[in-house]
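**Q** need coordinates for the below:
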Amino acid sequence: MQDKTLPLPRASLWSRVPPVVRAAFVGLVVMGVGVQSWSLLAMIGLRLGVAWIPLVAAPVLLAVYWIFFSGRLFWPATKATRRESFRETVLSSATWIWGLAGALLFVIAFQSAVLTVFRLFSYPAEQFVPPAYVARIPATLVWPFVVMASLVAGICEETGFRGYMQRPLEARYGPAAAISITSLLFIAVHLDQAWIGALFVPGLFASVMLGVLAYASRSLIPSMIGHAVMDIFNFGYWWWQLLGTYNQRPITETGIDLNFLVWASTLVTSLALFVFVVRKLWSVSGMSVPQIAGNLAYTSDSHNG
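**A** All right, here's what the predicted structure looks like:
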């Protein structure tokens with residue numbers, strides 16, 4: 001008598017990959033698609049002497065990027081997964097208010113952290129020399145380039161890291177582990193930057209804040225805004241030095257002075273207010289304070305109905 005028991009279907013090769021590796025790979029690809037497309041456009045425009053072309057093309061690129069990765073169009077089989085990874089895009093008025101407050105406090109906290117660090121340790125000016133390609137950008141287009149580069153970084157890096165990478169990890173391991181893993185990978189991706197040695201700790205700290213903001217608001221929009229505004233300041237002052245150069249000496253040479261006290265107190269105050277805002281976001285979104293690991297406090301389906 002023949003055994004008619006049907007064999008169990010084999011798991012796909014992709015499903016056998018550890019969840020952390022899957023999330024990291026997908027998040028990096030999603031981020032890279034947007035960031036590298038902008039970099040390629042900018043490089044071609046500058047080399048051909050038509051710097052305005054990437055500025056015109058980039059908004060179209062970002063619109064298509066948003067539509068696709070938010071799961072609005074194309075590839076029906078993956079729409080639900082893309083929407084879940086992109087988080088919420090329709091926010092209540094309360095979430096908008098507290099989310100924007102969180103984004104603003106994030107920017108203040110990061111910049112005050114950097115300014116405080118450079119009073120505790122010597123400012124490494126050699127790590128903040130503007131790149132050579134900045135000289136090829138026409139003077140009238142420098143600030144538009146700053147804004148566009150910041151928007152690309154804000155939208156694409158947040159989609160990749162706080163969306164497609166962090167969101168699946170939240171579902172698997174809980175928000176604390178997800179934010180920690182994502183933040184470490186965020187820093188790892190930036191290790192090739194000249195400034196990372198000086199800003200390793202503030203950069204890690206910034207990534208954690210962005211992860212918390214995305215989780216608490218159920219949306220990437222506040223973290224995208226905060227990231228983009230932060231980078232406008234970073235490009236304008238630290239990286240391209242359009243607004244001047246930093247010349248403060250460490251307090252080991254000057255002693256504790258008013259400048260140090262102002263920035264250190266601003267850092268502490270903005271962090272305290274950020275925690276308050278995050279708790280408000282949890283409240284208005286109906287979420288509980290996240291656990292160290294385990295089940296998520298929300299899903300998009302529960303939020304929608």
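**Q** wait, is Val20 part of a strand?
**A** No. Val20 is assigned helix when assessed by DSSP: H, G, I helix; E, B strand; the rest coil, not a strand.
**Q** test my guess that it contacts Leu169.
**A** Yes. At 6.9 Å, Val20 counts as touching Leu169 under the criterion of Cβ atoms under 8 Å. Using the backbone N, CA and C atoms, a C-beta is placed for each residue, glycine as well.
**Q** tell me the residues that contact both of the two, please.
**A** Common contacts of Val20 and Leu169 (Cβ atoms under 8 Å, 6 or more residues apart in numbering): Ile181.
**Q** higher neighbour count, these two?
**A** Between Val20 and Leu169, counting by other Cβ atoms under 10 Å, Leu169 is the more crowded of the two (23 against 17).
**Q** quick check: closest non-adjacent residue to the more buried one.
**A** Distance criterion Cβ to Cβ, 6 or more residues apart in numbering; nearest residue to Leu169, sequence neighbours excluded, is Ala178 at 3.5 Å.
**Q** for the host helix or strand of that neighbour, packing partners?
**A** If you go by DSSP states H and E, Ala178 is part of helix 175-189. Judged by 3 or more Cβ pairs under 8 Å, 6 or more residues apart in numbering; DSSP states H and E, helix 175-189 is in contact with helix 19-47, helix 166-173, helix 196-217.
**Q** could you figure out how far it is turned away from helix 196-217?
**A** 150 degrees (axes from the mean of the first three to the mean of the last three Cα atoms, to 10 degrees).
**Q** in helix 175-189, what's buried?
**A** Neighbour-count burial for helix 175-189 flags 175-183, 185-187, 189 (criterion: 16 or more other Cβ atoms under 10 Å).
**Q** and stretch 248-268, by the same measure?
**A** By neighbour count on 16+ other Cβ under 10 Å, the buried set for stretch 248-268 is Gln248, Ile251, Phe260, Trp263, Ala264, Thr266, Leu267.
**Q** helices and strands of this protein: which one bottoms out on pLDDT?
**A** Least confident helix or strand of the chain, by mean pLDDT, DSSP states H and E, is helix 300-304 with a mean of 41.
**Q** all helices for this protein, in order.
**A** Listed in chain order, the helices of the chain (DSSP state H) span 13-16, 19-47, 52-69, 79-86, 93-120, 142-152, 166-173, 175-189, 196-217, 221-233, 251-254, 258-284, 300-304.
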